[in-house]
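K.L.:
Build the 3D model from these lines:
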Amino acid sequence: QLQLVESGGGLVQPGGSLRLSCAASGFALDDYHTAWFRQAPGKEREGVSCISKSDGSTYYADSVKGRFTISRDNAKNTVYLQMNSLKPEDTAVYYCNARRPAYGVEYWGQGTQVTVSS
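P.N.:
Numbering: from 1, shown residues only. This next block holds a predicted model:
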């Protein structure tokens with residue numbers, strides 16, 4: 001079965017850290033551009049970070065730059081999002097995305113809730 005499964009979300013106090021994981025099954029993540037998106041209540045889904053399949057270059061939204069780090073472990077077929085110095089405005093459901101534009105293929109995970117609150 002081709003799927004992405006996120007884990008690692010939870011409740012954390014402001015200033016705390018979480019590491020999200022996105023494990024792929026049925027396909028090799030290093031053949032795909034992978035990204036993290038998030039959606040807060042009442043807001044549109046927004047891109048947070050992505051990592052290129054070709055050279056591993058990374059991109060971060062301005063709102064998370066310097067606090068979040070995306071990485072990929074090809075041996076574990078997993079992408080991570082390390083989130084530090086979390087703020088209440090980081091509260092959202094975080095989704096993993098993998099896409100292969102040349103083949104018109106895209107997968108989404110089911111999402112994991114991150115809540116930053118004291």
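
K.L.:
what's around G42, how many residues?
P.N.:
Neighbours of G42 under the rule other C-beta atoms under 10 Å: 5. Every residue, glycine included, has its C-beta placed from N, CA and C.

K.L.:
pLDDT value on the residue most central in space within the chain, please?
P.N.:
Centroid-nearest residue in the chain, with C-alpha atoms, centre = their mean: W36, separated by 2.8 Å. For W36, the model assigns a pLDDT of 98.

K.L.:
Wait, it touches L81, no?
P.N.:
Yes: contact criterion C-beta atoms under 8 Å: W36 and L81 qualify, at 4.8 Å.

K.L.:
which residues does the residue of the chain most remote from its centre contact?
P.N.:
Going by C-alpha atoms, centre = their mean, the residue of the chain most distant from its centre is S118, 23.3 Å out. Listed by C-beta atoms under 8 Å, 6 or more residues apart in numbering, the contact set of S118 reads Q13, P14.

K.L.:
Am I right that E89 is in a helix?
P.N.:
Yes: applying DSSP: H, G, I helix; E, B strand; the rest coil, one finds E89 inside a helix.

K.L.:
burial count for it?
P.N.:
With other C-beta under 10 Å as criterion, E89 counts 10.

K.L.:
give me the element the residue nearest to the centre of the chain is part of.
P.N.:
strand 33-39 (DSSP states H and E).

K.L.:
just checking, next helix/strand downstream of that strand?
P.N.:
Criterion used, DSSP H and E; the element after strand 33-39 is strand 46-51.

K.L.:
What mean pLDDT does that following strand get?
P.N.:
97.

K.L.:
What is that strand packed up against?
P.N.:
strand 33-39, strand 58-60, strand 68-73, strand 78-83 (3 or more C-beta pairs under 8 Å, 6 or more residues apart in numbering; DSSP states H and E).

K.L.:
Of those strands, which is nearest S17?
P.N.:
strand 78-83 (6.2 Å; C-beta to C-beta).
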